[in-house]
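K.L.:
Here is my input, please return the structure:
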Amino acid sequence: LHRRSERDFLESTMKACRTRVIKGTPSHLLEEGARRFFARLGWEPHKFHYLRIRRGDATKICLYTIERVVDYVNCKVPKDNLPLVVFSNEKSRAYMEAVKAGIIKKRSGAVVFGEPILASVFSDMGVSNDNFVVYVAL
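P.N.:
Down below sits the predicted model:
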């Protein structure tokens, strides 16, 4: 969990999504997608927290139960009113809704799932069915 600027957010998530370090700046497409992401939420780009929950293949290695994720957020996210963006490769809507409900009980800031919003933003920009762009933007 981090508090970052929009550019730092893009660069760090791009690096996290690759096996090699990416140097340089994000493309104009990614920058515009990030700008629209925050505009759609009505948030200031540098005033949020984010959490990436790796599921899928990681469920055998990491025990990311609902309770563990909620406890982690309660322990690690500062007790402020900044919103929290949650990203995950989890397919179960029930799991994600339970995580969101648990987090909301413990903190006062908004909690949103980032992938659907990013996908919608990029679709509005004419980039549809391109998981790679959305994934890199994460």
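K.L.:
Every contact and neighbour count from this point should use C-alpha atoms.
P.N.:
Fine.
K.L.:
Any figure for the gap between residue 69 and residue 40?
P.N.:
Residue 69 sits at a distance of 26 Å from residue 40 (criterion: C-alpha to C-alpha, to the nearest Å).
K.L.:
which of the two has more neighbours?
P.N.:
For the pair residue 69 and residue 40, the greater number of neighbours falls to residue 69 (18 against 13), based on other C-alpha atoms under 10 Å.
K.L.:
Which elements pack onto the helix or strand hosting the more buried one?
P.N.:
Assigned by DSSP states H and E, residue 69 belongs to helix 66-76. Using 3 or more C-alpha pairs under 8 Å, 6 or more residues apart in numbering; DSSP states H and E as the contact test, the elements touching helix 66-76 are helix 93-106.
K.L.:
What segments of this protein are helices?
P.N.:
For the chain, the helices defined by DSSP state H occupy 6-16, 28-41, 66-76, 93-106, 114-124, 131-137.
K.L.:
Okay, buried residues for the fifth one please.
P.N.:
Applying a neighbour-count criterion of 16 or more other C-alpha atoms under 10 Å, one finds 114-115, 117-122 buried in helix 114-124.
K.L.:
Of these, which is the nearest to residue 103?
P.N.:
If you rank those by distance to residue 103 using C-alpha to C-alpha, residue 114 comes first, at 15.2 Å.
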